[in-house]
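Q: Provided below are the primary sequence and the corresponding predicted coordinates.
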Amino acid sequence: DGGITQSPKYLFRKEGQNVTLSCEQNLNHDAMYWYRQDPGQGLRLIYYSQIVNDFQKGDIAEGYSVSREKKESFPLTVTSAQKNPTAFYLCASRNSPSPQETQYFGPGTRLLVL
Amino acid sequence: AQSVAQPEDQVNVAEGNPLTVKCTYSVSGNPYLFWYVQYPNRGLQFLLKYITGDNLVKGSYGFEAEFNKSQTSFHLKKPSALVSDSALYFCAVRPSNQAGTALIFGKGTTLSVSS
């Protein structure tokens, strides 16, 4: 988990509310990723960013939004359009676009709906 | 479609016995293969990866994995299991001809080691 921080550890969302999950890395990595983890479904890609001010949708981007204004930060907003947001959210980063490079993960944020 | 399969949802072994967690993949081109471990309510920890060269890759905590191109497999192994190895294990792949893309993950295998 070292070098990538996610906050908060637990987050509660009310009906119709937008919430933002923080992801910060001090590894000077170019690429950053957001995954959603549900029991028995593995990790599914929400969004990823290879450089500052650029990002692409993953497999399940609907109901989510991101920004990449700084190299070290890649916040994820879960909007009210995401009807089933309860899950464990994992942020990851990678040194470069090279496919050989290892992807490292943060400790995760668990989002629960009130 | 490119994918990773972990055919066993759970693997049970006794402490001291060898363990194997299976992984097969389907990608275009040559694959880069990874294994990660996850403990409850934690992020994923990198164990090992295969890029090229020797088909037997050694990683953290005594784990190793064998790449078999003909069987499109990358099984994780350890000669002697520890109770502390009990966790959720993920296999992942990235095609070598697709720079910048995210990893494709299997659904995970829960390893339970009994004392």
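A: Now that the structure is in, tell me what you want to look at.
Q: how about the strands in the chain?
A: Unless you meant another one, I'm taking chain A. A:4-7, A:10-13, A:19-25, A:31-37, A:43-51, A:54-57, A:64-66, A:76-78, A:87-94, A:103-105, A:109-113 (DSSP state E).
Q: I was thinking of chain B, sorry if that wasn't clear
A: In chain order, chain B shows strands spanning B:3-5, B:10-14, B:19-21, B:24-26, B:31-38, B:44-50, B:56-58, B:64-68, B:73-78, B:87-95, B:104-105, B:109-114, with DSSP E as the criterion.
Q: Please tabulate the ones you listed in a markdown table, including the columns mean pLDDT, distance to chain A and mean neighbour count.
A: In short, each C-beta sits where N, CA and C put it, glycine included. A markdown table is the format used below for the strands of chain B (pLDDT from 0 to 100; distance: least, C-beta to the nearest C-beta, whole Å; neighbours: other C-beta atoms under 10 Å in any protein chain shown):
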| stretch | mean pLDDT | distance to chain A | mean neighbour count |
| --- | --- | --- | --- |
| strand B:3-5 | 94 | 8 | 16 |
| strand B:10-14 | 98 | 11 | 14 |
| strand B:19-21 | 98 | 14 | 20 |
| strand B:24-26 | 95 | 13 | 17 |
| strand B:31-38 | 95 | 5 | 24 |
| strand B:44-50 | 95 | 4 | 20 |
| strand B:56-58 | 96 | 13 | 14 |
| strand B:64-68 | 96 | 14 | 18 |
| strand B:73-78 | 98 | 15 | 20 |
| strand B:87-95 | 93 | 5 | 23 |
| strand B:104-105 | 92 | 4 | 23 |
| strand B:109-114 | 97 | 10 | 17 |
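Q: before we move on, back to that, figure out which of the strands of chain A is closest to B:F34.
A: Go through the strands of chain A one by one with C-beta to C-beta and the one that ends up closest to B:F34 is strand A:103-105, at 7.5 Å.
Q: Direction included, what does the closest one pair up with?
A: strand A:87-94 (antiparallel) (DSSP bridges).
Q: now the partner strand against strand A:43-51, angle please.
A: Orientation of strand A:87-94 against strand A:43-51 (axes from the mean of the first three to the mean of the last three C-alpha atoms, to 10 degrees) gives an angle of 40 degrees.
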